[in-house]
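Enquirer: Provided below for reference: sequence and predicted model.
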Amino acid sequence: MRGILHQVSAAVMVLTLAACAAPGPQPGEIQIRSGVIEQITSVQIETNQHQGVGAVVGGLAGLGIGSLIGAGTGRDVAMVLGTIGGAVVGNEVQRKHDRPVLGQQIIVRTNNGVLVSITQPASAALRVGQRVYIEGGGDGARVVPQQ
């Protein structure tokens, strides 16, 4: 009787641990699907990698310059105004210098028949009818040629 109780409790423990296992890719793993490119369309991709950096740098520069002006309350006001003005100017300078990147919207028909659309920076190595891999998912998905 005691042996059966141990076996049943071991089976329950194994089933419980198996139910807790996460399905799908685990951390550090990349999902890879394969398919054929059906369509490639040229697009412009707006850059946002350094969004806000101009405002921060401008604000810090304005703060530094404002701290050199006056003393006491006047200095505090100069620092606040310098920070705000520097942030506005820095943001405007960055906005004017950020240029869109040439990209491609790629439609891939996966091996199971599903159409997947991915927008990524342009690659001359990709063409319609080519067999490709789709690495990753969501915003991080990329189309790469099969070797």
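Expert: Cool, got the structure.
Enquirer: Quick check: buried residues in the strand ranked longest in the chain?
Expert: What stands out as the longest strand in the chain, according to DSSP state E, is strand 32-45. Buried positions in strand 32-45, judged by neighbour count with 16 or more other C-beta atoms under 10 Å: 33, 35, 37, 40. (Each C-beta comes from the backbone N, C-alpha and C, glycine too.)
Enquirer: Packing partners of that strand?
Expert: Strand 32-45 sits against strand 101-110, strand 115-121, strand 131-135, with contacts defined as 3 or more C-beta pairs under 8 Å, 6 or more residues apart in numbering; DSSP states H and E.
Enquirer: Which neighbouring elements make contact with the first one?
Expert: The elements that strand 101-110 packs onto, with contact taken as 3+ C-beta pairs under 8 Å, 6+ apart, are strand 32-45, strand 115-121, strand 131-135.
Enquirer: So what touches stretch 90-105?
Expert: For stretch 90-105, contacts defined as C-beta atoms under 8 Å, 6 or more residues apart in numbering pick out 40-47, 50, 52-59, 61, 117-123, 126.
Enquirer: Residue ranges in the chain under the pLDDT threshold?
Expert: Applying pLDDT under 70 to the chain picks out residues 1-3, 5-6, 8-30, 47-51, 98.
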